[in-house]
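**Student:** Here is my input; please provide its structure:
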Amino acid sequence: MAVYDKIIILLVTLCLCVNFMKGQKIENDVESCQTVDNEVGSCITVLQCPLYMQMLQFARNNATAGQMLKRAHCGFEGTVPKVCCPRQATATTTSPKPSSNDRRESGDFVEALLEPPVCGMSNGSFGKVVGGDNATLGDFPWMALLGYRFRRGPTTLWMCGGSLVTRKHVITAAHCIFAHEEDLFLVRLGELNMERDDDGANPIDVPIKTKIQHEDYSPNSYDNDIGILVLEKEVTFTDFIKPICIPKNNKERSQTFENHTPIVAGWGLIAFEGPAAVHLQAVQVPVVSNEICAEAYTQYKVRIGEGTLCAGYKSGGRDACKGDSGGPLMQPILTENFKTAFYQIGVVGYGRRCGEPGYPGIYTRVTHFIPWIQEKLLGSVESLS
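**Tutor:** Numbers count the residues shown, from 1 in each chain. Predicted coordinates:
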């Protein structure tokens, strides 16, 4: 990839990563600069410059717009890129400026990736999850069930999982959308035991407005097996309905997570061709290298590439299974204030007979798809405004 392209992608990514809830105003003592048209401008964040905010939407697909953004770049404010904005583009009008909350509600901005403590906070106090353990209420409050209704019948079948990442977005596997797109219609949040009403959970069912599967998803090679569901309405966060964090900074995104033992959870089959779990199950699985994983699956037509993460025990026996697809592979990470936050590092994909010895489970590597996730989160909010 050309250096120019990397700069543009970096600029777009950094813009989307900023916390837009903190409204920003142009101060009188901003630094002067020379614009791309050799005029006097103000070096301000790109969020404060309407001209370049509009141009930013075209930077990925328009070389001229991207080149202008590159030339206008004049520094950073924290992690937010600054541009040399023409003075007339920053002039105020008699119309009141919306507050940061108004912007977020109207769809002009979106918190593309949340940060702790807004995300990743579990109410559980558990140690090692050995395998197939019943989760307790609040352990994984971002867990989602995907509901399918066939032939418009009255019965809802819960066939895949997912993870809540914002008030309106659920990440899942593309194959959970691809196989039965017309039948997928509902997301359930806050569930624990699907057959009990006395477990303390108060689940909610939210209709799906938009289904987004990765444009390059391949049902044959399982490449790019990731998708996003946009909900009909924003959900209210509670102790038992919260989003999981998505790796945001370079340190987290550059990790392979080898030698880590993240947790996978879901309501899938307890064993290959066995019964489905009615109570949320959780198990820890060790991440293995892509090289080991590729060697294990040599005889199968699958590609273990940069967008793939593999995890499982060599001896087998503990793994995700049918019905867990689309759910999160979760890594607890210690935050700067010494609290533990859960980050989603994988999306449950597929495997060999649910924990067969010698065959690790295959997941979509979330860190590989951060730019795509941010792009879709922003785009879906704008389309709903």
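**Student:** Now the regular element (helix or strand) spanning Ala144 - C-alpha only, PDB.
**Tutor:** Using DSSP states H and E, Ala144 maps to strand 143-148. Provided in PDB are the C-alpha atoms of strand 143-148 (Å, rounded to 0.1, in the frame of the first residue of the first chain):
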ATOM      1  CA  MET A 143     -24.100 -11.200  24.400                       C
ATOM      2  CA  ALA A 144     -26.700 -11.200  21.700                       C
ATOM      3  CA  LEU A 145     -29.000 -13.900  20.300                       C
ATOM      4  CA  LEU A 146     -30.000 -13.700  16.600                       C
ATOM      5  CA  GLY A 147     -33.600 -14.600  15.900                       C
ATOM      6  CA  TYR A 148     -34.800 -16.200  12.600                       C
END
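**Student:** Show me what it packs onto, helices and strands only.
**Tutor:** Here strand 143-148 touches strand 157-164, strand 169-172, strand 184-189, going by 3 or more C-beta pairs under 8 Å, 6 or more residues apart in numbering; DSSP states H and E. In short, each C-beta sits where N, CA and C put it, glycine included.
**Student:** Any chance of the ones you listed in TSV with mean neighbour count as columns?
**Tutor:** Below are the helices and strands packed on strand 143-148 laid out as TSV (neighbours: other C-beta atoms under 10 Å):
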stretch	mean neighbour count
strand 157-164	24
strand 169-172	27
strand 184-189	20
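**Student:** now the angle from the strand holding Ala144 to strand 184-189?
**Tutor:** Angle of strand 143-148 versus strand 184-189, following axes from the mean of the first three to the mean of the last three C-alpha atoms, to 10 degrees, is 160 degrees.
**Student:** contacting residues around strand 143-148?
**Tutor:** Residues outside strand 143-148 that contact it (C-beta atoms under 8 Å, 6 or more residues apart in numbering) are 156-164, 170, 172, 176, 180, 183-189, 191, 194, 205, 229, 265-267, 280, 326-328.
**Student:** Over to stretch 115-127?
**Tutor:** With C-beta under 8 Å, 6+ apart as the criterion, stretch 115-127 contacts 19, 135-142, 165, 239-240, 242-246, 248, 333, 335, 339-343.
**Student:** Determine which of the helices and strands packed on strand 143-148 approaches Tyr350 most closely.
**Tutor:** Nearest to Tyr350 among those is strand 157-164; the distance by C-beta to C-beta comes to 12.1 Å.
**Student:** Name every strand pairing with that closest one and say which way it goes.
**Tutor:** strand 143-148 (antiparallel), strand 169-172 (antiparallel) (DSSP bridges).
**Student:** Next one, pLDDT for Val170 please.
**Tutor:** Reading off the confidence values, Val170 has pLDDT 98.
**Student:** cool, Lys339 as well?
**Tutor:** Lys339 is assigned 83 on the pLDDT scale.
**Student:** Same check on the one 5 residues further on?
**Tutor:** Per-residue pLDDT puts Gln344 at 98.
**Student:** Test my guess that it contacts Cys245.
**Tutor:** Yes: look at Gln344 against Cys245 with C-beta atoms under 8 Å: they come within range, at 7.1 Å.
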